[in-house]
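Peer 1: the sequence isn't on hand, but the structure is:
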């Protein structure tokens with residue numbers, strides 16, 4: 001089975017997933033889609049036959065033909081960047097599979113791929129057929145588990161979104177107004193901003209390798225209003241860190257209950273460029289502050305060990321055969 005992959009080569013979540021899917025599925029061709037706001041690392045795909053295109057450009061027929069030639073299945077994550085390539089693949093008898101990110105599915109889908117691979121139960125609930133549920137695999141050689149014992153240092157990753165992004169950074173900073181504990185909070189961001197609370201250290205960093213984010217600290221704070229997957233939560237947990245996040249689906253299906261705080265209610269909002277209506281959590285910064293206070297200084301040894309088990313169960317070693325089986329079955333239809 002020959003797989004072609006549409007991939008990102010930057011330090012976004014899509015870049016992280018693309019990198020790991022390429023290294024483990026070993027596609028015979030990779031189309032690198034660049035994004036102007038990120039630094040690109042095309043050398044990550046030097047083991048494969050590659051072409052590059054700017055995300056603002058269309059995937060031309062010549063480029064699409066190159067990608068589909070000799071291909072059995074075309075795989076992409078979140079989007080194909082062009083619905084025309086799905087049409088062309090169907091004409092050529094090439095199967096198409098999309099790893100969904102339901103909340104970000106912004107491209108029109110006049111023609112659906114042959115299979116939606118849903119990485120969370122929430123994705124599986126909202127995405128149309130044909131679909132299959134397959135969790136995101138994690139690279140346990142890179143996300144090396146380390147025992148954490150006491151909740152002393154709290155980490156929050158704002159990444160490129162910063163104060164205006166989807167990471168809950170502004171909410172966390174507001175929560176510190178009600179925080180009673182003398183805790184240390186490190187906010188890692190690609191876009192600097194200023195805070196006055198001496199307990200917060202804002203670090204302007206852009207780690208080349210994503211696993212560097214989780215080598216320091218004991219607890220990751222990541223309030224969620226809605227989402228299908230959240231790589232910072234999963235990667236930190238695989239690395240042995242405790243978590244603080246919202247008690248919502250799908251996270252409450254696997255995050256230890258002692259790591260969850262309750263939303264103050266829910267409201268309807270629209271995701272995927274308004275295509276999908278979802279229930280979003282209302283988050284009270286006072287409740288978030290109380291959760292941080294409750295965990296500060298506590299023994300998190302047992303939570304850290306649960307992270308080790310989670311990493312083992314969701315490793316590429318365990319899940320790669322399932323992905324290959326699903327893609328092989330798709331090709332044989």
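Peer 2: Yep, that arrived. Small disclaimer: the values here were computed from a predicted structure and weren't measured. Numbering: from 1, shown residues only.

Peer 1: for residue 70, give me phi and psi.
Peer 2: The phi/psi pair for residue 70 (degrees, to the nearest 10) reads phi 70, psi 10.

Peer 1: ok, it touching residue 3?
Peer 2: No: between residue 70 and residue 3 there is no contact under CB atoms under 8 Å: 10.9 Å. For glycine as for every other residue, the C-beta is placed from the backbone atoms N, C-alpha and C.

Peer 1: quick check: phi and psi on the nearest residue in space to residue 279 that is not next to it in sequence?
Peer 2: Spatially, and ignoring its direct neighbours in sequence, residue 279 is nearest to residue 266 (4.7 Å; CB to CB, 6 or more residues apart in numbering). With angles defined as degrees, to the nearest 10, residue 266 sits at phi -140, psi 160.

Peer 1: what sits against residue 266?
Peer 2: Going by CB atoms under 8 Å, 6 or more residues apart in numbering, residue 266 touches 279-282.

Peer 1: next: residue 76.
Peer 2: Residue 76 neighbours (CB under 8 Å, 6+ apart): 5-6, 96-99.

Peer 1: for residue 269, name its beta-bridge partners.
Peer 2: residue 278 (DSSP bridges).

Peer 1: so how many other residues sit close to it?
Peer 2: 14 (other CB atoms under 10 Å).

Peer 1: that one contacts residue 282, doesn't it?
Peer 2: No: assessed by CB under 8 Å, residue 269 is found out of contact with residue 282, at 10.7 Å.

Peer 1: per-residue pLDDT of residue 165, please?
Peer 2: Residue 165 carries a pLDDT value of 58.

Peer 1: and for the one 10 residues further on?
Peer 2: The predicted structure scores residue 175 at 96 on the pLDDT scale.

Peer 1: name the helices or strands packed onto whichever strand or helix holds it?
Peer 2: Residue 175 is located in helix 169-175, with elements delineated by DSSP states H and E. Counting by 3 or more CB pairs under 8 Å, 6 or more residues apart in numbering; DSSP states H and E, the packing neighbours recorded for helix 169-175 are strand 153-159, strand 184-189, helix 285-295.

Peer 1: buried ones in it, by neighbour count?
Peer 2: 169, 172-175 (16 or more other CB atoms under 10 Å).

Peer 1: can you give me the offset of it from its chain's centre?
Peer 2: Chain-centre distance of helix 169-175: 21 Å, with CA atoms, centre = their mean, to the nearest Å.

Peer 1: who's in contact with that helix?
Peer 2: Helix 169-175 has contacts (CB under 8 Å, 6+ apart) with 156, 158, 161-164, 185, 187, 189, 195, 197, 200, 221, 223, 283, 285-286, 288-289, 292.

Peer 1: poorly predicted segments of this structure, please.
Peer 2: 106-110, 160-166, 273-274 (pLDDT under 70).

Peer 1: middle-most residue in it, spatially?
Peer 2: residue 231 (3.6 Å; CA atoms, centre = their mean).

Peer 1: what's the closest non-adjacent residue to it?
Peer 2: residue 13 (4.9 Å).

Peer 1: ok now do the nearest residue to residue 241 once chain neighbours are set aside, which residues does it touch?
Peer 2: Once flanking residues are discounted, residue 241 sits nearest to residue 220: 5.3 Å by CB to CB, 6+ apart. By CB under 8 Å, 6+ apart, the residues touching residue 220 are 154-157, 214, 232-233, 236-237, 241-244.

Peer 1: again, but for residue 102
Peer 2: 118, 122-123, 126-127, 228, 271-272, 276.

Peer 1: residue 263 now?
Peer 2: So residue 263 contacts 246-248, 281-284 (CB under 8 Å, 6+ apart).

Peer 1: chain center to the helix or strand hosting residue 322: distance?
Peer 2: Following DSSP H and E, one finds residue 322 within helix 316-331. Between the centre of helix 316-331 and the centre of its chain there are 20 Å (CA atoms, centre = their mean).

Peer 1: list the buried residues for that helix?
Peer 2: Neighbour-count burial for helix 316-331 flags 316, 319, 323, 326-327, 330-331 (criterion: 16+ other CB under 10 Å).

Peer 1: from those, pick the one nearest residue 136.
Peer 2: Of all the buried residues of helix 316-331, residue 319 has the smallest distance to residue 136: 8.2 Å, by CB to CB.

Peer 1: circling back to that earlier point, of the contacts of residue 76, which belong to strands?
Peer 2: 5-6, 96-99 (DSSP state E).

Peer 1: which one of those residues sits closest to residue 136?
Peer 2: residue 99 (8.1 Å).

Peer 1: the closest one: what's it in contact with?
Peer 2: Neighbour list for residue 99: 17, 21, 75-78, 117, 119 [criterion: CB under 8 Å, 6+ apart].

Peer 1: identify the bridge partners of residue 96.
Peer 2: With DSSP bridges as the rule, residue 96 is bridged to residue 74.

Peer 1: what's the burial count for it?
Peer 2: So residue 96, with other CB under 10 Å, has 24 neighbours.

Peer 1: that one touches residue 114, doesn't it?
Peer 2: Yes: counting by CB under 8 Å, residue 114 is a contact partner of residue 96 at 5.1 Å.
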